[in-house]
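Got a predicted model here, sequence first, then my questions.
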Amino acid sequence: MTFAKKLTSFAAAHLMIFMLAGNAFALTDDHVVKASELHQCLLQASEARQANLEKAEGFFTTGPAKQAMQYSGVSPSKVVNALALLGDGELAQLAARVDKVNKDFAAGALSNQQLTYIVIALATAVIILVIVEA
């Protein structure tokens, strides 16, 4: 099981515990935020994070991305493992950049050399963010 899957399982388990605890509070109506609304927000956030994580992992595990990282001396597996350690906002920004790079490359707006530079920059940013947060 990969580190990302372990982290996702860990997050899902904690989400379930929080949901069960939230049901105890659902018996009273004097809360500002209803437990069902809180549950829905947590579920949406979890789904968005998982989608962003899969998008970023997919990008960094493609052939050209792996080659670019290996060329620069960056371990593709370290980058993929580090993705799970990013915060939700950082991961969302990275996923948005990955989308843009994929679209630009598919449209022919980027050369292989430009893609290599972008992959190296994004991989380095991921590693630096994880080191700074640790």
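Here it is on my side, so go on. Values in this document were obtained by computation on a predicted structure and should not be read as measured data.

buried ones in whichever strand or helix holds residue 127?
Under DSSP states H and E, the secondary-structure element containing residue 127 is helix 112-133. Going by neighbour count (16 or more other Cβ atoms under 10 Å), the buried part of helix 112-133 is 115-116, 118-120, 122-123, 125-126, 129-130. For the C-beta atoms, the positions are set from N, CA and C on the backbone; glycine is no exception.

So for the helix ranked longest in the chain, mean pLDDT?
The helix of greatest length in the chain, counted in residues with DSSP state H as the criterion, is given as helix 35-60. Helix 35-60 shows a mean pLDDT of 93.

do the same with stretch 126-134
Model confidence over stretch 126-134, given as mean pLDDT, is 84.

returning to that earlier point: okay, buried residues for the longest helix of the chain please.
35, 38-39, 46, 49, 52-53, 55-57, 59-60.

Report how many residues lie close to residue 91.
Using other Cβ atoms under 10 Å, the number of residues around residue 91 comes to 23.
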